[in-house]
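# predicted structure and sequence below. I'll ask about it afterward.
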Amino acid sequence: MTKSLLEEVMTVSLRRGILYPTAEIYGGLAGFYDFGPIGTRIRNNLIRLWRTRFVENRDNVFEVSGNTLLPSPVFEASGHLDHFTDPSASCSKGHITRIDQLIEERLKIPAEGKRNDELEAIVREKKLRCPVCGDPLGEVTSFGLMFGTSVGGERRQAFLRPETAQNIFLGFKRVQTAMRAKLPFGVAQIGRSYRNEISPRQSIVRVREFGQMEIEYFVDPDQLDECPLFEELAPIPLNFVTREAQEKAAKQSATDFTSIQISVQEAFEKKYVPNQWMACILGDEVEFFKLLGIPDQAIRFRHMRPEETPHYSGGNFDLEVNLSFGWKEVIGNAYRRDHDLKSHMKGSQKDLSYDLEGAKVIPHVLEPSFGIDRLIYAILEHTYRPQDKTRGWNWFQLPPQLAPYHGVVLPLLNRSELEERATTLYSVCRGQGLDVLYDASGRIGRRYARADEIGIPKAVTIDPQSLEDQTATIRYRDTGDQTRHLISEIPNLLKLQHDFSSFFRLSPKP
RNA sequence: GCGCUGUUGGUCUAGUGGCUAGGACUCCAGCCUGCCACGCUGGGUGCCCGGGUUCAAAUCCCGGACAGCGCACCA
């Protein structure tokens, strides 16, 4: 049986310290993975790129870092407590009971597949009570998506957040006033979220603890079609799957959807998306993806069908990446209208409106939410170069900005003069803030292979000629070609020589 | 959560109810080596966990964990 691409990528990842199961020596825990030293470097680089483009390069985006554990009322207000998956009810003392299990156990009737209101009717009819204390049971809600715990001596109920977004809404007023932020502005957050998935799958694509990079853009509802990025992003092409295309595919029992290519401008003007802001967010992501090593044709935006979209949404558009096991959501883009701020105003009894020249406005929210782990998997799969016949080993063609090291310094031969010269260069590079490795173990080809396998873009080799004329060779991972340079120029040549112009160009001042 | 399949050094794998569980690659040390893992020598690490059957279990049985796939789920 041949290995799937996923299994192959995972094998390399395990061997080279990219990632491995959490608590592996105890048999692991389904849906949890740790990043190893190489994976952490890649992850940090991805986060750095994201922050550079979407936060630091923008004048009006503010980054926060929220806690992962939040008190229960937050999720009562957000609606998460009503949308869990396992039906449960709590009594007046706060004991939580799985209602489907209680019914099956006590009444010996099947409860599977019944809706919450049906289960609640059974509870009322049969007068089921809390099995712990005997108190009456409250409303039946679905439970299980969120990891719950209790806090402090008073055992206050709390949950690990299922999305980073909530902290942003909770802190909206603080951020807005502290930063004296004017609409439109964004609040970004990079952090971890938790969902107790019934069945984690596909390595780090569906996990129970995952990283998210999110922004909530707060926009005056009257200015949703006046995005300051529009002029820059208007020509960007988008692969787009309309709802009509999905209906058509369903009717024909097709296995895939047909996508169309439209520009950001068309997406807005022809109303493929609800507003200009959403069109720009999608274009912004296409530009970002150019740096990740995932080809354009492997990404598309899918307009989520109504049944996949919450009632309050003004339209959700997933960025999906074509992976070996199908198209997978890597970014969720949601137009949440004023749902979140309104819900928390109601839940907290605090005013979260924005003072717009004396008039109270509840900003509308547009939310691009990146799944870090999925994105890393997508990058690994798309940059993996297996069965390379010319070089004889598998490698990752990681973009230089994501590669775990800028380069590796190698003495061609294990002679002390060469090693001295090489370690000196290594130290100089490190002193200049470069991430470089030194490797003198084994023959040169083996060391090139080791470097390739974790995607190091350049290898510098000190050879006997280096001692005569102070030069060294740079071998390029992607081609295997070599060029010779003065050693004094090597550190600069290892620094990223990438065209960042489009990356840094955007600098709107709304 | 249900079902199918699987789990042997770091990785990939051979294997049988019974001597010190074999190989390949990687890794480490040394030698060699004027540029792409395939020169030499030496070395290290392993039968997923628990229970059962048995004189004897890595092997058979049961349960669990984990993984891949399918279904369901993924507000």
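In hand now; what should we look at?
# hey, what's the nearest residue to residue A:50 once chain neighbours are set aside bridged with?
Spatial nearest neighbour of residue A:50, excluding adjacent residues (CB to CB, 6 or more residues apart in numbering): residue A:213 at 5.1 Å. In this view, the C-beta of every residue, glycine as well, is placed from N, C-alpha and C. Assessed by DSSP bridges, residue A:213 has beta-bridge partners residue A:190, residue A:370.
# neighbours of residue A:213, just the number please.
Residue A:213 has 23 neighbours, counted by other CB atoms under 10 Å.
# what's the separation between it and residue A:46?
Separation of residue A:213 from residue A:46 (CB to CB, to the nearest Å) stands at 9 Å.
# isn't residue A:184 up against residue A:60?
Yes. Here residue A:184 reaches residue A:60: they are 6.9 Å apart, a contact under CB atoms under 8 Å.
# quick one, which of those two is more surrounded?
Ranked by neighbour count (other CB under 10 Å), residue A:184 and residue A:60 place residue A:184 first, with 22 against 18.
# could you pull up phi and psi at the more buried one?
Torsion angles at residue A:184 (phi, psi; degrees, to the nearest 10) stand at phi -80, psi 140.
# list the contacts for the closest residue to it other than its chain neighbours?
In space, and not counting its chain neighbours, residue A:184 is closest to residue A:219: 4.3 Å by CB to CB, 6+ apart. Taking CB atoms under 8 Å, 6 or more residues apart in numbering, we find residue A:219 in contact with A:183, A:184, A:277, A:363, A:364, A:365, A:366.
# could you list every residue that touches the residue nearest to residue A:50?
Applying CB under 8 Å, 6+ apart to residue A:213 gives the contacts A:47, A:50, A:54, A:188, A:189, A:190, A:369, A:370, A:372.
# rerun at 6 Å
Applying CB atoms under 6 Å, 6 or more residues apart in numbering, we find residue A:213 in contact with A:50, A:190, A:370.
# closest one to RNA strand B out of those residues, please.
For these, the residue nearest RNA strand B by CB to the nearest atom of the strand is residue A:370; the value is 14.2 Å.
# so that closest one touches residue A:331, yeah?
Yes. Counting by CB atoms under 6 Å, residue A:331 is a contact partner of residue A:370 at 5.0 Å.
# give me the residues contacting the host helix or strand of residue A:320.
For residue A:320, the host element (DSSP states H and E) is strand A:316-323. By CB under 6 Å, 6+ apart, the residues outside strand A:316-323 that reach it are A:285, A:298-304, A:309, A:327-334, A:378, A:381.
# buried ones among the residues you listed?
By neighbour count, with 16 or more other CB atoms under 10 Å, the contacts of strand A:316-323 hold A:285, A:298-304, A:327-334, A:378, A:381 as buried.
# mark which of the residues you listed are part of helices, please.
Within the buried ones among the contacts of strand A:316-323, residues falling in helices by DSSP state H are A:285, A:378, A:381.
# reformat those residues as TSV; add pLDDT and distance to RNA strand B.
Conversion of those to TSV gives the following (pLDDT from 0 to 100; distance: CB to the nearest atom of the strand, whole Å):
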residue	pLDDT	distance to RNA strand B
A:285	97	18
A:378	97	14
A:381	96	11
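# so can I have a markdown table of those showing distance to residue A:322?
A markdown table is the format used below for those (distance: CB to CB, whole Å):
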| residue | distance to residue A:322 |
| --- | --- |
| A:285 | 15 |
| A:378 | 9 |
| A:381 | 10 |
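# out of the residues you listed, who's nearest residue A:235?
When those are ranked by distance to residue A:235 (CB to CB), residue A:285 comes first, at 15.0 Å.
# ok, what's across the strand from the spatially closest residue to the closest one that is not a sequence neighbour?
In space, and not counting its chain neighbours, residue A:285 is closest to residue A:319: 5.6 Å by CB to CB, 6+ apart. Taking DSSP bridges as the rule, residue A:319 bridges to residue A:301, residue A:331.
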